[in-house]
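1. Return a 3D structure for these sequence lines:
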Amino acid sequence: ATWIVRGHQHSNACKNQRRRPRSGVDAAGDALAAASRPPELVDARASTHFHALCELLCTAAGGKDLPPHAVRGALAALAEADAKSRLFDFPAFASRWRAALCDALLGCLLDRRHALLADEMAATLYALAKPDLHGFFGSFLPAKLAAAEGLDDAQRRALLDAWTPAADAPTFSARVRDAVSDVAHYRLLNTHAME
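-> Numbering: from 1, shown residues only. Down below sits the predicted model:
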């Protein structure tokens, strides 16, 4: 007699072969299930430390009144945490810190603070926006530009029209650079118009 197991035919002689203990299969399955389960904060203390660290990184990445090496260190720490632990997909981070960090990075870029770190900031901004590009371009970006100082309504509309959604990192970064240049140009025009 024969039977089919996982797409292979086996004869009765195979029945007598040694099989792995069932508990080993269960342990491997449990380990796989645990590894694929979304991470969670284990207790209030871990949550407090996690959110304090996120606040520190968000403040540092925004770059206000900080030296460039501190901003670069914060960006590197964020990139490493995302690469190793998928930080930006972590529910506790995404729900509370994604928008705040996007706001800090985009504000830093548009105000041209730490211009030498613009490419690293744009890459981090893309990594943050990537899970929800539709939300980034549909609601976050219009709200951020509406609150941007030194621009009139026509200039804000022109920026939104020119900054079209991009699904890949190089195009996204190029459009960030274009928007940063356009904002600087508009602000310069508006400053001269006031004189």
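2. pLDDT score assigned to the residue nearest the centre of the chain?
-> Nearest to the geometric centre of the chain sits Leu128, at 1.9 Å (C-alpha atoms, centre = their mean). At Leu128 the predicted local distance difference test score is 93.
3. which residues in this structure form strands?
-> When assigned using DSSP state E, the strands of the chain occupy the ranges 2-5, 8-11.
4. and the residue lying closest to the residue nearest to the centre of the chain once chain neighbours are set aside, how far is that from His69?
-> Spatial nearest neighbour of Leu128, chain neighbours left out: Cys102 (5.2 Å); criterion: C-beta to C-beta, 6 or more residues apart in numbering. In this view, the C-beta of every residue, glycine as well, is placed from N, C-alpha and C. As for Cys102, its distance to His69 is 23 Å (criterion: C-beta to C-beta, to the nearest Å).
5. cool, and Thr48?
-> Counting by C-beta to C-beta, the gap between Thr48 and His69 amounts to 28 Å.
6. same check, this time on Leu188
-> Using C-beta to C-beta, which is the criterion applied here, Leu188 is 29 Å from His69.
7. With Leu125 instead?
-> 20 Å.
8. do Arg98 as well
-> From Arg98 to His69 the distance is 25 Å (C-beta to C-beta).
9. Who has more neighbours out of these two?
-> Between Arg98 and His69, counted using other C-beta atoms under 10 Å, Arg98 has the larger neighbour count: 23 against 9.
10. on that earlier part again, who touches the residue nearest to the centre of the chain in this structure?
-> When contacts are counted by C-beta atoms under 8 Å, 6 or more residues apart in numbering, Leu128 is found next to Phe88, Arg98, Leu101, Cys102, Leu105.
11. Those into CSV, with extra columns for pLDDT?
-> Formatted as CSV, the entries for these read as follows, by pLDDT from 0 to 100:
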residue, pLDDT
Phe88, 90
Arg98, 93
Leu101, 93
Cys102, 94
Leu105, 93
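12. out of those, who has the most neighbours?
-> Among the contacts of Leu128, where neighbours are counted by other C-beta under 10 Å, the top count belongs to Leu105, at 28 neighbours.
13. Since that was my last question, I'll sign off now.
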